[in-house]
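Peer 1: this one's sequence-less:
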């Protein structure tokens with residue numbers, strides 16, 4: 001009986017995290033050759049690693065176009081053009097079937113300019129500029145605190161239940 005709270009706590013702490021945020025649609029570009037959709041995740045960008053997802057569809061059928069490549073160039077808005085910017089390429093992601101994903105490291109808060117370069121087979125590359133605002137990174141206790149604090153009332157209920165059962169057992173034995 002007394003092991004149950006510890007088993008529940010161990011299961012909760014050892015379970016992998018689930019990320020269900022599809023991000024925010026930042027830009028839609030419609031041309032005769034393709035429809036390009038650009039998403040960023042998380043929806044509220046914070047300093048650190050973020051995702052840029054590009055989906056390229058055929059304008060007539062709506063099917064994804066094969067052989068597309070992408071690059072994301074990131075620089076802070078107040079950087080001079082002579083200062084080098086950071087370039088991030090597409091990475092393989094088995095869970096993303098309809099588009100390409102790039103992990104972009106936005107190192108500090110402020111206004112950033114992301115230039116997404118989409119290369120389609122047989123077409124000239126398309127460059128889509130995105131201006132995004134990046135907030136400061138969350139402190140660790142703010143990110144994980146609510147999850148950890150959620151289990152305190154649960155543990156309290158389990159311990160209270162055990163105490164009530166022990167009191168009932170003691171009354172029956174007497």
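Peer 2: Here it is on my side, so go on. Since the structure is predicted, the reported quantities are computational estimates derived from the model, not experimental observations.

Peer 1: rest of the way, CA atoms for contacts and neighbours
Peer 2: Noted.

Peer 1: let me see the mean pLDDT of the longest helix along the chain.
Peer 2: Scanning the chain for the helix with the most residues, using DSSP state H, yields helix 140-173. In this model, helix 140-173 carries a mean pLDDT of 82.

Peer 1: check which helices and strands that helix sits against.
Peer 2: With contacts defined as 3 or more CA pairs under 8 Å, 6 or more residues apart in numbering; DSSP states H and E, helix 140-173 has these neighbours: helix 4-14.

Peer 1: what about the following helix or strand past the helix it packs on, distance to the chain center?
Peer 2: Next in sequence after helix 4-14, counting helices and strands by DSSP states H and E, comes strand 24-30. Put simply, strand 24-30 sits 17 Å off its chain's centre (CA atoms, centre = their mean, to the nearest Å).

Peer 1: and the angle for the next helix-or-strand element following strand 24-30 with strand 24-30?
Peer 2: For strand 24-30, the following helix or strand on the C-terminal side (DSSP H and E) is strand 35-41. Counting by axes from the mean of the first three to the mean of the last three CA atoms, to 10 degrees, strand 35-41 lies at 170 degrees to strand 24-30.

Peer 1: and strand 35-41, what other elements does it pack with?
Peer 2: Packing partners of strand 35-41 (3+ CA pairs under 8 Å, 6+ apart): strand 24-30, strand 48-57.
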